[in-house]
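In: sequence first, predicted coordinates after that:
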Amino acid sequence: MMAWLTLTDASLAFGMAPLLDHVDLAIERGERIGLIGRNGTGKSSLLAVLSGARALDDGTRTVQSGLVLASVAQETRFAPEATVFDALAEGLAEVVAARRRFEARSAAGAPPDELAALTQFLDQHGGWAWEGQIANALTQLGLAADTPVAALSGGQKKRLAIARALVANPDLLFLDEPTNHLDLAAIGWLEGVLTGFRGAMVVVSHDRAFLDRVVTRIIELDRGRLTSYPGNYAAYEAAKAEQLAFEATMNAKFDRLLAQEEAWIRKGVEARRTRNEGRVRRLEALRRERAARRERIGEARLEIASGAPSGKIVAEVAGVSKSFGEKVIVRDLNLTILRGDKVGLVGPNGIGKTTLLRLILGEIAPDAGRVRTGTNLRVAYFDQLREALDESATLAEFISPGSEWIEVGGRRTHVMSYLADFLFPPERARSPVAMLSGGERNRLLLARHFAREANVLVLDEPTNDLDIDTLDLLEEKLADYPGTVFIVSHDRRFLDHVVTSCLVAEGGGLWREYEGGITDWQAQMRVMASLAEPTVPAGRSASAPKATATPASPPAAARRKRSYKEQRELDELPARIEALEREQSEVSTLLADGAIYRTDPTRAAELARRAAELDALILAAMTRWEALEGG
């Protein structure tokens, strides 16, 4: 069967280094491909080539005739005065135009052949009911048709851009960082939409949990080459580790052979007179191959300047409430943040995460309650909108205005060397910020913020546009950072690897702190939900209708009498909690010893997972006990 889209011997370059170096690619029906690679390697350019928005320098692009293509760019753009309906209609522009042309030409008595061609096109693309397609999209989005796009949040605009692409039922869909600015609920919605998508798809994303759930193949763009890995991101990680180890071994063998040949060619005059001419030609070929071999791009070296430590207590929040008009942001919050805590703020877009942060850090006053901030706090902000970027400045000027040197962690470093640590070579240091890609801008902002002597980091969506390698290193550095970190992010894997607790919005201004990352919080919620499920009496179906007679509700102050089963559950809970805590103590002792990580790492990983499960089970059991005690 013919592939839906193919690239053959494709080449594309900007400057000296090729982004695509004579590559081949075939996209089959039903494939969901994740495209990954370092920032600046050309992922967005490749996506533009695939969608037809950019031409190749050399090679061919072939698309099966009759296929509908749609794209979602990294940055969403809409007409300034557009409504939600107008924006969705853009995705059906060709269909809408054909329908209007049919109606106009039909009224004018156009020839039957012309009307037949238009009829066939409209039949193929659902053009007779395009208004219904938009109505369905509006229902999924939960937005009114006449809502101005300018009034939408960043997350709503991203969902609208995705809906605009999907409304035409495309065969080939191209998505560039679709999870940026989406909250967890919206990412879940997108995962459901894409796993049910019947066409083929190529998505550029740094969200590893998203890639694990959605894609069926990973393609890595590295040094102008495309390498395909079957399966999701987890399968790619395992295969890539083996490949890199093999590549390192082969390169080392090649370099040893080259060194031997170089030593031979440099022997004395007599040896050169009698040398084998074939061997000389082989050496010349080895030299050319070595010159052409492009080394794997180096790793970023992130160093975070922590400055003087803050006091032990960073913030104490007691009974704090805050509202803006009728919108309640925080209600009766009690919280203590200690030095070294790494807190993830989790909640829908627009819920008030930034306002809550400003309350905790004492930057705005609460309507009720008290906030006491600790001593010697030095706060550095990383903003998701990149408002701190000066487009006209060079990279060197932005990092160290007026000086070629920068102080990082008490050490004086040349700005060129510091930028090189963040994968900006010297020739790029004099380039303007305006020339950087989205991921490179984020990396530049990290470079500036990490050079500041701060002991509290506030990171607002720091993972947007960063490549996966940089994300891995950022996770490692933040985990080791001695200061306090607040992170607003919807990247589940990033939060799991960094934070010590999650502060979760539960609606109506209520926030609750959960130990661990997103996975720990979700596990605790599942356990709590299962324990709170009502039981169905024997002999009665769960779907049986309720009795028509409804007894009067008891007075609020009266305590409901526990059923036999609830009383039995309450009696058993103390022993159950004690057993769980005993197991938790045993697991903690084994893990604290440390030897198990060396002698049996697999068992150590199992115990670590069990420790997280026990935390969730104990919390859920305590919550259930409290509920039953209260009657």
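Out: Looks like it arrived, so ask away.

In: and Val23, what are its bridge partners?
Out: Beta-bridge partners for Val23, by DSSP bridges, are Ala10.

In: just use 55 as the starting number from now, easier for me
Out: All right, first residue 55 from here; so that's Val77.

In: ok, now which ones touch it?
Out: Val77 makes contact with 61, 63-65, 113, 278-280, according to C-beta atoms under 8 Å, 6 or more residues apart in numbering. (C-beta placed from N, C-alpha, C; glycine too.)

In: pull the most distant pair out of these.
Out: Of all pairs drawn from these, the widest gap by C-beta to C-beta lies between Gly113 and Arg279 and measures 13.8 Å.

In: picking up where we left off before, let's have the contacts of Val77 in JSON lines, adding pLDDT, distance to Ile272 and neighbour count.
Out: Putting these into JSON lines (pLDDT from 0 to 100; distance: C-beta to C-beta, whole Å; neighbours: other C-beta atoms under 10 Å) gives the following:
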{"residue": "Leu61", "pLDDT": "94", "distance to Ile272": "17", "neighbour count": "23"}
{"residue": "Asp63", "pLDDT": "94", "distance to Ile272": "22", "neighbour count": "12"}
{"residue": "Ala64", "pLDDT": "93", "distance to Ile272": "19", "neighbour count": "23"}
{"residue": "Ser65", "pLDDT": "93", "distance to Ile272": "23", "neighbour count": "16"}
{"residue": "Gly113", "pLDDT": "94", "distance to Ile272": "22", "neighbour count": "16"}
{"residue": "Gly278", "pLDDT": "88", "distance to Ile272": "18", "neighbour count": "18"}
{"residue": "Arg279", "pLDDT": "90", "distance to Ile272": "14", "neighbour count": "14"}
{"residue": "Leu280", "pLDDT": "93", "distance to Ile272": "11", "neighbour count": "18"}
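
In: mind listing what's buried in stretch 158-176?
Out: Residues 172-173, 175-176 are the ones in stretch 158-176 that count as buried (16 or more other C-beta atoms under 10 Å).

In: which ones among the residues you listed lie within helices?
Out: Cross-referencing the buried residues of stretch 158-176 against helices under DSSP state H gives 172-173, 175-176.

In: nearest residue to Gly492 other than its sequence neighbours?
Out: Setting aside the residues directly before and after it, Gly492 is nearest to Asp519 in space (C-beta to C-beta, 6 or more residues apart in numbering), at 3.9 Å.

In: how near is that neighbour to Met489?
Out: 15 Å (C-beta to C-beta, to the nearest Å).

In: so Glu168 touches Arg159, yeah?
Out: Yes - Glu168 is within contact range of Arg159, at 6.2 Å (criterion: C-beta atoms under 8 Å).

In: which residues does the residue nearest in space to the middle of the chain contact?
Out: In the chain, the centroid-proximal residue (C-alpha atoms, centre = their mean) is Asp261; its distance is 3.1 Å. Asp261 is in contact with 233, 241, 517, 545-547, counting by C-beta under 8 Å, 6+ apart.

In: look at it and report its pLDDT.
Out: Looking at Asp261, its pLDDT reads 91.

In: and for Pro609?
Out: So Pro609 comes in at 40 (pLDDT).

In: Gly88 and His260: what is the separation?
Out: In terms of C-beta to C-beta, Gly88 sits 10 Å off from His260.

In: and Thr643, by the same measure?
Out: Applying C-beta to C-beta, the value for Thr643 to His260 is 38 Å.

In: of these two, who's got more company?
Out: His260 (24 against 9; other C-beta atoms under 10 Å).

In: the more buried one: what's it in contact with?
Out: His260 neighbours (C-beta under 8 Å, 6+ apart): 90, 231, 517, 519-522, 525, 545.

In: top of the residues you listed by neighbour count?
Out: Going by other C-beta under 10 Å, Asp545 tops these with 28 neighbours.

In: pLDDT score assigned to the residue lying closest to that one once chain neighbours are set aside?
Out: Counting by C-beta to C-beta, 6+ apart, Thr517 is the residue found nearest to Asp545 once chain neighbours are left out, at 4.5 Å. Thr517 carries a pLDDT score of 81 in this model.

In: please name the residues that touch Thr517.
Out: Per C-beta under 8 Å, 6+ apart, neighbours of Thr517: 260-261, 525, 528, 543, 545, 548.

In: now for those: which two are most distant?
Out: Pairwise distances across the contacts of Thr517 peak at 14.1 Å for Asp261 and Leu528 (criterion: C-beta to C-beta).

In: the stretch 105-254 of the chain: strands as residue ranges?
Out: Listed in chain order, the strands found in the stretch 105-254 of the chain under DSSP state E, counting those that start in this stretch are 112-117, 123-126, 226-230, 254-258.

In: redo these as CSV? Include distance to Asp444.
Out: Output for those, formatted as CSV (distance: least, C-beta to C-beta, whole Å):
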stretch, distance to Asp444
strand 112-117, 37
strand 123-126, 29
strand 226-230, 25
strand 254-258, 27
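
In: what ranges do the strands span in the stretch 555-685 of the chain?
Out: For the stretch 555-685 of the chain, the strands defined by DSSP E, counting those that start in this stretch occupy 555-559, 565-569.

In: could you say what helices and strands the first one packs with?
Out: I take that to be strand 555-559. strand 396-400, strand 565-569, helix 572-586 (3 or more C-beta pairs under 8 Å, 6 or more residues apart in numbering; DSSP states H and E).

In: nearest to Gly96, out of the ones you listed?
Out: Shortest separation from Gly96 across the helices and strands packed on strand 555-559 is recorded for helix 572-586, at 31.4 Å, computed as C-beta to C-beta.

In: chain center to that closest one: distance?
Out: A distance of 23 Å separates the centroid of the chain from that of helix 572-586, by C-alpha atoms, centre = their mean, to the nearest Å.

In: picking that back up, ok, the contacts of Val77 vs Asp200, which is closest?
Out: Ranked by distance to Asp200 (C-beta to C-beta), these are led by Leu61 at 42.4 Å.

In: just checking, the closest one touches Leu101?
Out: No - counting by C-beta under 8 Å, Leu61 stays clear of Leu101, with 12.0 Å between them.

In: roughly how far apart are Phe264 and Ala313?
Out: 45 Å.

In: quick one: which of these two has more around it?
Out: Phe264 (25 against 10).

In: tell me the contacts of that one?
Out: By C-beta under 8 Å, 6+ apart, the contact set of Phe264 is 233, 241, 244-245.

In: just checking, Ala222 touches His179?
Out: Yes - between Ala222 and His179 there is a contact under C-beta under 8 Å: 7.2 Å.
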